[in-house]
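# Kindly generate the corresponding structure for this input.
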Amino acid sequence: AFFASKVEHESKHCNGKGIQRPGSSAFDRVYTANQNCGHAYPTFLAVLWCAGLLCSQAPAAFAGLMYLFVRQKYFVGYLGERTQSTPGYLFGKRIILFLFLMSVAGILNYYLIYFFGSDFEMHIKTITSAISPLLLIP
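From the prediction side, this is the model:
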């Protein structure tokens, strides 16, 4: 909602009636940042749900909240110069990687249980709970 309101505000500020406003660099930045965030959310939701269901819910939820905060930082940074959005983008990639690795660990644990009868769920939950606060380091 925040991103959409920024696009709407910039659209009204440019005094145009259509959504396409060639030549308005401020509108282009806001619109592009909104599109980038919108394109990244399906991937985020997929790995968030997989990590939460297959591995551990608490670290996945923490990483999800951090990702939403980082995307906000990315969007606001994109409104300035494009180099200001780079830290938010890189931080977001690291969180997505963490969630993806949690999903892979959950899948591997399932197959270890299925084929060998070994359950490493407690070990995986302990490791992910210990690593998740490291996401706060920029």
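# Do you know the pLDDT at the residue nearest the centre of the chain?
Centroid-nearest residue in the chain: Y67, 4.1 Å away (criterion: Cα atoms, centre = their mean). pLDDT for Y67: 93.
# Report pLDDT for the closest residue to it other than its chain neighbours.
Leaving aside its chain neighbours, Y67 sits nearest to I95 (4.6 Å; criterion: Cβ to Cβ, 6 or more residues apart in numbering). Glycine gets a C-beta too; all of them are placed from N, C-alpha and C. I95 carries a pLDDT value of 94.
# OK, contacts around I95?
By Cβ atoms under 8 Å, 6 or more residues apart in numbering, the contact set of I95 is A63, M66, Y67, V70, L135.
# Could I get the buried residue list for the helix or strand of the chain with the lowest mean pLDDT?
Every helix and strand in the chain was compared by mean pLDDT, DSSP states H and E; the lowest is helix 2-13, with a mean of 70. Buried residues in helix 2-13, counted by 16 or more other Cβ atoms under 10 Å: F3, K6, V7, E10, S11.
# and what of stretch 110-128?
I124, K125, I127, T128.
# in what helix or strand does the last one lie?
With elements taken from DSSP states H and E, the one containing T128 is helix 121-131.
# count of residues packed around G92?
Counted with other Cβ atoms under 10 Å, the neighbours of G92 add up to 21.
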